[in-house]
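J.: Have a look at this prediction, sequence included:
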Amino acid sequence: MRILIVDDEKDQLKALDMGLRSSGFETETACSADEAMTLLDRQSHLVDLVITDFVMPGINGLQFLRVIKKKYPSMPVFIVSAMGTDQLFQDVASSGGEMFMQKPFLIDELVREIRKIAEHRVK
């Protein structure tokens, strides 16, 4: 499974990248929604899941989720954020996002949720 990770904070991006790679996933990284969209437009057939931070310059993770779902409706999208509210959780779900996880979280928790999505897509 190939995962596109999007986060403007380089330390967070690197930590997620290393954690997911050590769990057996292939990853691509992007520092902005614009960079990620360019990558998706070129290689969407190679990406199985997008994990994006919520707070980023330009468009936020929820807006990015909506852009992805408009162009690639079947693309699973996880949003992660240190700012979790019930409203944000509901907005992610109503916009087609598969998961919202509040930071900090353990990489094992994220891996478990990714595997659930992968199993569901195979069935």
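T.: Perfect, I can see it now.

J.: Just the residues contacting the lowest-mean-pLDDT helix or strand in the chain, thanks.
T.: Every helix and strand in the chain was compared by mean pLDDT, DSSP states H and E; the lowest is helix 86-94, with a mean of 80. If you take Cβ atoms under 8 Å, 6 or more residues apart in numbering as the criterion, helix 86-94 is touched by Phe54, Leu62, Leu65, Ile79, Ser81, Met99, Phe100. C-beta coordinates here come from the backbone N, C-alpha and C atoms, glycine included.

J.: Please apply the same query to stretch 13-30.
T.: 1-7, 31, 36, 39, 43, 47, 51, 107, 110-111, 114.

J.: can you count the residues close to Leu4?
T.: 23 (other Cβ atoms under 10 Å).

J.: again, but for Asp41
T.: 10.

J.: For the chain, give me the ranges with low pLDDT.
T.: 84, 121-123 (pLDDT under 70).

J.: circling back to that earlier point, just curious, which of the contacts of helix 86-94 is nearest to Ala118?
T.: Nearest to Ala118 among the contacts of helix 86-94: Met99, at 12.4 Å, using Cβ to Cβ.

J.: Does that closest one touch Arg115 like I think?
T.: No - counting by Cβ atoms under 8 Å, Met99 stays clear of Arg115, with 11.8 Å between them.
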